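Student: Here's a sequence, model it:
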Amino acid sequence: AARAWTRPRITVIHRLRSRRIVNLDFLTAALRGLGADVTVASFECVPIEVQLALVSNSSTLIGVHGAGLSLGKYLPSDGAILELRSAPCVAADRSSMRFRTRYSIVGAPRAATVPHAECPLWKAKASIDAIVDVEAVAQAVRRLDVIAAAGAASVSSSSSAPNQAAHRRRLAVSALWPATRPVPQPDQAAPAAPAPL
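Tutor: As a prediction, the model looks like this:
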């Protein structure tokens, strides 16, 4: 269970081709400001074993609506999913990702979206990049992530324990990653997939 960890472990799915998170740097900075260990992963170019290792070692999975969020089934039993939208959709919108008790939809700020954007935008299979409402995501993490909600995120970022935990996560991922490819580090997208022949 995620409750055993001392800091929130958040994995952010960042797509490389469409539905990218435009303000990813601001989002990760805000999440780190909550005291979370943040890993950014582009699942298009990592093996399923690595994807499962990242998700199963996360207390919260965040991403723009898509198939990557379905891996939330492999979160710890008390893990949370935050589904981001490219339009100012509300949590009342239906989604196939609603298989978790700890789940929320966070819509984009209305001022940052296409005029007259339809909700739910994901039904139209839109490939619009998302501008994330960073404060709304931070509030959702504080509410849904069991560690952040318990206040454990107040651990100082200068502590060596979080750095050791992040190092152990990178080692676990590198054990599953092919030796011929560099291991993606937190805040770094995975290497681009080779071009099709």
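
Student: tell me the mean pLDDT for stretch 29-40?
Tutor: The average pLDDT within stretch 29-40 is 96.

Student: Of all the residues in that stretch, which ones are buried?
Tutor: 30-32, 34-40 (16 or more other Cβ atoms under 10 Å). Heads up, the C-betas are built off the backbone N, CA and C, glycines and all.

Student: so where do the strands sit in the protein?
Tutor: 9-13, 37-41, 60-64, 80-84, 103-106 (DSSP state E).

Student: between these, which gets the lowest average pLDDT?
Tutor: Mean pLDDT per stretch puts strand 103-106 lowest among these, at a mean of 77.

Student: Which neighbours in the sheet does that one have, and how are they oriented?
Tutor: strand 80-84 (parallel) (DSSP bridges).

Student: And for the strand it pairs with, what's in contact with it?
Tutor: Here strand 80-84 makes contact (Cβ atoms under 8 Å, 6 or more residues apart in numbering) with 21, 59-65, 69, 72, 75, 95, 97, 100, 102-106, 108, 130, 132, 137, 140-141, 144-146.

Student: tell me the angle it makes with strand 60-64.
Tutor: Strand 80-84 and strand 60-64 meet at an angle of 10 degrees, taking axes from the mean of the first three to the mean of the last three Cα atoms, to 10 degrees as the criterion.

Student: ok, now how distant is V106 from A136?
Tutor: Distance of V106 to A136, given as Cβ to Cβ, to the nearest Å: 5 Å.

Student: Looking at the two now, which is surrounded by more residues?
Tutor: Using other Cβ atoms under 10 Å as the criterion, V106 and A136 rank with V106 on top: 23 against 16.

Student: Verify the stated contact: that one with A138.
Tutor: No - checked against Cβ atoms under 8 Å, the pair V106 and A138 is beyond contact range at 9.9 Å.
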